[in-house]
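>>> Take this sequence and fold it.
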Amino acid sequence: MSPALNHSSVMEFVLLGFSSDPTSNRILFIIFLLLYLCSVLGNGLIIILMCLDSHLHSPMYFFLSIFSLLDVGYATTTMPQMLVHFLSSSKLISFEGCWLQMYAFSALGISECILFVIMAYDCYVAICFPLCYMLILNWGLCVKLVIGTCASGFFFSLVHTFFTMNLPFCGPNMVNHYFCEGPSVRSLACMDTHLIEMVDLVISIFMVLGPLSLILASYICITLAILKIKSTQSHCKAFSTCASHLTVVTLFFEPAIYVYMRPNSSYTPERDKQISLLYNVFTALLNPVVYSLRNKDIKAAFIKVVVQNRVVW
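I've put the predicted structure just below:
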């Protein structure tokens, strides 16, 4: 039993979602089902290609496959339940279920923040030290970086979730969101949450602004290195290598900063629900699109796998 149950009268929450109209919910169900399936299939395809094609067995694609795996988990923590609630009259989630959802969502989100830094460092090494790339980013270091990333994500998420779910909840129990996100649940607590907000702000600064600063520092070094290259063609190739990563970073960090680095007093449920879709749904959906359409190696691997399967059949 969760410790919070000892001083909370709330045993379950109601997730209000986007609409109470059955017709609108059926339309939203179809839309989000397609988005979820495309996200899982797209990211799953990237992971499969990384495993099957030996030409993609490099640190860059290894990190990309981990990123795709996190994206699948990230979307799966919220979207299946949201889809069920679209078609169900009951939108309940137990206290423990809410606790688990918040923990998994935060853990995967923080892990992605750290992984973005590693992918930026990968770009930095690839462009600034191309001849030493495999020596610097050897497989042993890559595995350690990924394990450290996930361990950090799940540890810091535990701190964030523990403080939020240990608050007393006396009612109401209606969460104006489509999943149990920290700020939306915390707004229902029947006590002053300023101290918890400060703890969350410190974690957010450390786990959001910290990685973002390191990413920006990496790209400043990358830009300076690119400007030293005389060939225009090399300029375009180097910038193209980084453009995909920068696109996904922007889509992820901007809405996350807006949602997690504000006090509860400025909490706006309807707007926050819409903004959270950017880093929860659309980042996971656009990740395979952005990386696949701009990457010749992934396209070649896809064609190769398709051709081989045709030959087998």
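
>>> Run through the strands of the protein in chain order.
Applying DSSP state E to the chain gives strands spanning 12-15, 92-94, 174-175.

>>> Would you mind giving these as CSV with mean neighbour count, distance to residue 78 and mean pLDDT added?
Backbone N, C-alpha and C define where each C-beta goes, glycine included. Compiled in CSV, the strands of the chain are given as follows (neighbours: other C-beta atoms under 10 Å; distance: least, C-beta to C-beta, whole Å; pLDDT from 0 to 100):
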stretch, mean neighbour count, distance to residue 78, mean pLDDT
strand 12-15, 18, 10, 90
strand 92-94, 16, 11, 91
strand 174-175, 17, 12, 88
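
>>> Would you tell me which of these gets closest to residue 256?
strand 174-175 (19.0 Å; C-beta to C-beta).

>>> what residue ranges in this protein are flagged as low confidence?
Within the chain, the set of residues satisfying pLDDT under 70 comprises 1-8, 230-241, 262-267, 292-295, 306-313.

>>> residues near residue 64, how many?
Using other C-beta atoms under 10 Å, residue 64 has 27 neighbouring residues.

>>> ok, it touching residue 288?
No. Assessed by C-beta atoms under 8 Å, residue 64 is found out of contact with residue 288, at 9.5 Å.

>>> Find residues that contact each of the two.
Common neighbours of residue 64 and residue 288, using C-beta atoms under 8 Å, 6 or more residues apart in numbering, are residue 46.

>>> Residue 252 against residue 283, yeah?
Yes. At 5.0 Å, residue 252 counts as touching residue 283 under the criterion of C-beta under 8 Å.

>>> surely residue 65 meets residue 45?
No. Here residue 65 lies out of contact with residue 45, judged by C-beta under 8 Å, at a distance of 10.7 Å.

>>> Go through stretch 80-89 and flag the buried ones.
Across stretch 80-89, burial judged by 16 or more other C-beta atoms under 10 Å covers 81-83, 85-86.

>>> Next: stretch 199-208.
Applying a neighbour-count criterion of 16+ other C-beta under 10 Å, one finds 199-200, 203-204, 207-208 buried in stretch 199-208.

>>> got the contact list for that stretch?
Applying C-beta under 8 Å, 6+ apart, the external contacts of stretch 199-208 come out as 110, 113-114, 156, 159-160, 163-164, 182, 253, 256-257, 260-261.

>>> Just those residues: which are in helices?
Residues of the contacts of stretch 199-208 located in helices (DSSP state H): 110, 113-114, 156, 159-160, 163-164, 182, 253, 256-257, 260.

>>> the helices in the stretch 101-250 of the chain, which residues?
All helices of the stretch 101-250 of the chain, identified by DSSP state H, counting those that start in this stretch, fall at 133-136, 139-165, 182-186, 194-204, 210-227, 232-260.

>>> what angle do the second one and helix 194-204 make?
What separates the directions of helix 139-165 and helix 194-204 is an angle of 170 degrees, with axes from the mean of the first three to the mean of the last three C-alpha atoms, to 10 degrees.

>>> Any idea how far helix 139-165 is from the middle of the chain?
Centre-to-centre, helix 139-165 and its host chain are 13 Å apart (C-alpha atoms, centre = their mean, to the nearest Å).

>>> returning to that earlier point: using JSON lines, lay out the strands of the chain together with distance to residue 102.
Below are the strands of the chain laid out as JSON lines (distance: least, C-beta to C-beta, whole Å):
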{"stretch": "strand 12-15", "distance to residue 102": "11"}
{"stretch": "strand 92-94", "distance to residue 102": "10"}
{"stretch": "strand 174-175", "distance to residue 102": "11"}
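
>>> Tell me which of these lies nearest to residue 244.
Residue 244 lies closest to strand 12-15 among the strands of the chain, at 33.7 Å (C-beta to C-beta).

>>> in its sheet, what does that closest one sit against?
Strand pairing for strand 12-15, determined by DSSP bridges: strand 92-94 (antiparallel), strand 174-175 (parallel).

>>> for the closest residue to residue 270 other than its chain neighbours, what are its contacts?
Nearest residue to residue 270 in three dimensions, chain neighbours excluded: residue 176, at 7.5 Å (C-beta to C-beta, 6 or more residues apart in numbering). The contact partners of residue 176, taken as C-beta under 8 Å, 6+ apart, are 16, 184, 269-270, 273.

>>> Most widely separated two among those residues?
Spatially, the most separated pair among these is 184 and 270, at 11.1 Å (C-beta to C-beta).
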